[in-house]
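**Q** Attaching a predicted model along with its sequence, questions to come.
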Amino acid sequence: MEETIFDKILAGEIPADIVYEDEAVIAFRDINPQAPTHVLVVPRTRMRSIADAPGKDIKTLGQFVQGIARTATALGLDDRGYRVVFNTGPDALQTVEYVHAHILGGRKMSWPPG
Ligand code: 5GP
């Protein structure tokens with residue numbers, strides 16, 4: 001798989017505004033925020049997108065999901081709530097081919113999403 005910008009952030013080769021990290025994930029602020037709080041959560045284990053999840057072990061996937069929830073807690077979003085988005089493939093406008101969860105919060109969301 002081709003190296004992505006998130007591989008470089010994980011390797012510490014380019015800077016990011018890291019808000020949470022543990023043994024399984026790293027979470028950093030999106031460079032182009034779409035909400036008052038917009039953070040990306042990336043597992044240390046490489047996947048192209050969430051569509052690769054069936055081929056991954058349950059522990060890795062579980063730690064990824066827990067990392068998303070722990071990041072939201074660290075950001076103080078639990079009381080008001082937040083949205084988690086996995087853009088997957090071209091129709092969803094996925095631009096970085098390294099799986100990442102968007103955590104969006106700090107404002108009232110609308111539905112359906114665009
Ligand atoms: P996608 O469209 O693939 O779901 O989301 C990729 C996200 O990565 C976009 O929201 C974009 O703003 C963000 N992004 C792209 N390059 C960088 C970067 O170098 N640093 C950070 N912090 N975010 C980035």
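**A** Arrived safely.
**Q** Restricting to C-alpha, output stretch 16-29 in CSV.
**A** Taking C-alpha atoms only, stretch 16-29 is exported to CSV below (Å, rounded to 0.1, in the frame of the first residue of the first chain):
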residue,chain,number,x,y,z
ALA,A,16,0.0,17.1,14.0
ASP,A,17,-2.0,18.6,16.9
ILE,A,18,-2.4,15.4,18.9
VAL,A,19,-5.3,15.3,21.4
TYR,A,20,-5.2,11.7,22.5
GLU,A,21,-3.1,8.6,22.0
ASP,A,22,-2.7,5.1,23.4
GLU,A,23,-1.2,1.8,22.3
ALA,A,24,-3.7,1.3,19.6
VAL,A,25,-4.7,4.8,18.2
ILE,A,26,-3.6,8.3,17.7
ALA,A,27,-6.0,11.2,17.4
PHE,A,28,-5.3,14.7,16.1
ARG,A,29,-7.1,17.8,14.9
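**Q** how far out from the middle of the chain is it?
**A** In this view, stretch 16-29 has its centroid 9 Å away from the chain centroid, taken as CA atoms, centre = their mean, to the nearest Å.
**Q** what does that stretch contact?
**A** Residues from elsewhere that reach stretch 16-29, judged by CB atoms under 8 Å, 6 or more residues apart in numbering: 9-10, 38-45, 60, 63-64, 66-68, 70-71, 74-75, 103. No exception for glycine: its C-beta is placed from N, CA and C like everyone else's.
**Q** From those residues, list just the buried residues.
**A** Taking 16 or more other CB atoms under 10 Å as the criterion, what is buried in the contacts of stretch 16-29 is 9-10, 38-43, 63-64, 67-68, 70-71, 75, 103.
**Q** And those residues, which two are furthest apart?
**A** Across the buried ones among the contacts of stretch 16-29, the longest distance by CB to CB is 22.2 Å; it joins His38 and Gln63.
**Q** Remind me what the longest strand belonging to the chain packs against, helices and strands.
**A** Using DSSP state E, we find that the single longest strand of the chain is strand 37-43. Using 3 or more CB pairs under 8 Å, 6 or more residues apart in numbering; DSSP states H and E, the elements in contact with strand 37-43 are helix 5-10, strand 18-21, strand 25-29, helix 58-74, strand 101-105.
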